[in-house]
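Q: here is my input, please return the structure:
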Amino acid sequence: MIWIDADACPVKAEAERVATRLSQPISFVSNGGLRPSANPLVSMVYVPEGLDVADRHIAERAGPGDVVVTNDIPLAAKCVAAGARVMRPDGEVLTPANIGNVLATRDLMADLRSADPFRQGGGRPFSKADRSHFLDALDRLVRAALKEAR
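A: The predicted model follows:
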């Protein structure tokens, strides 16, 4: 199963394309507002609004053999700990070897932002290269999960 943390995910169409090519079920989890897909491999899961409700839904279900796509680092850490393969929408793969550093960096950046209320701007814009990197990385992760399941 491919799990997509779908709220604000910029690669939903690409993820569906990879899932279809590899004949894998994919579940888009969100608070709503997503257009349903006619693709029989796609399930749309609408959770109630609230802090981290979609994240909890994914974290409680993802495990070995699953691939999770999220930009939420605490969710990624839970899914990695549960044995799922995890990646970000820019194609960065999160593993037991790097999730600790990614979490620490996230926490450090949050502290820096809160210490400087005048700090403006966010990360860099999502690029075509990010989209391409995502497609390649998702394909590799899903294929590896399929091999693992055999």
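
Q: can you map out the helices along the chain?
A: In the chain, the helices defined using DSSP state H lie at 12-21, 53-61, 73-81, 99-115, 128-149.

Q: just want the angle from the last one to helix 12-21.
A: Right, the one you point to is helix 128-149. Taking axes from the mean of the first three to the mean of the last three Cα atoms, to 10 degrees, one finds helix 128-149 and helix 12-21 inclined to each other by 30 degrees.

Q: buried residues in helix 128-149?
A: For helix 128-149, the neighbour count (16 or more other Cβ atoms under 10 Å) marks 130-131, 133-135, 137-138, 141-142, 145 as buried. Just so you know, the C-beta spots here come from the backbone N, C-alpha and C atoms, and that holds for glycine as well.

Q: any idea of the mean pLDDT for it?
A: Throughout helix 128-149, pLDDT has a mean value of 92.

Q: among the helices of the chain, which is nearest Gly91?
A: helix 128-149 (3.3 Å; Cβ to Cβ).

Q: now for the protein, the helix or strand with the poorest mean pLDDT.
A: helix 99-115 (a mean of 73; mean pLDDT, DSSP states H and E).

Q: no more questions from me, cheers.
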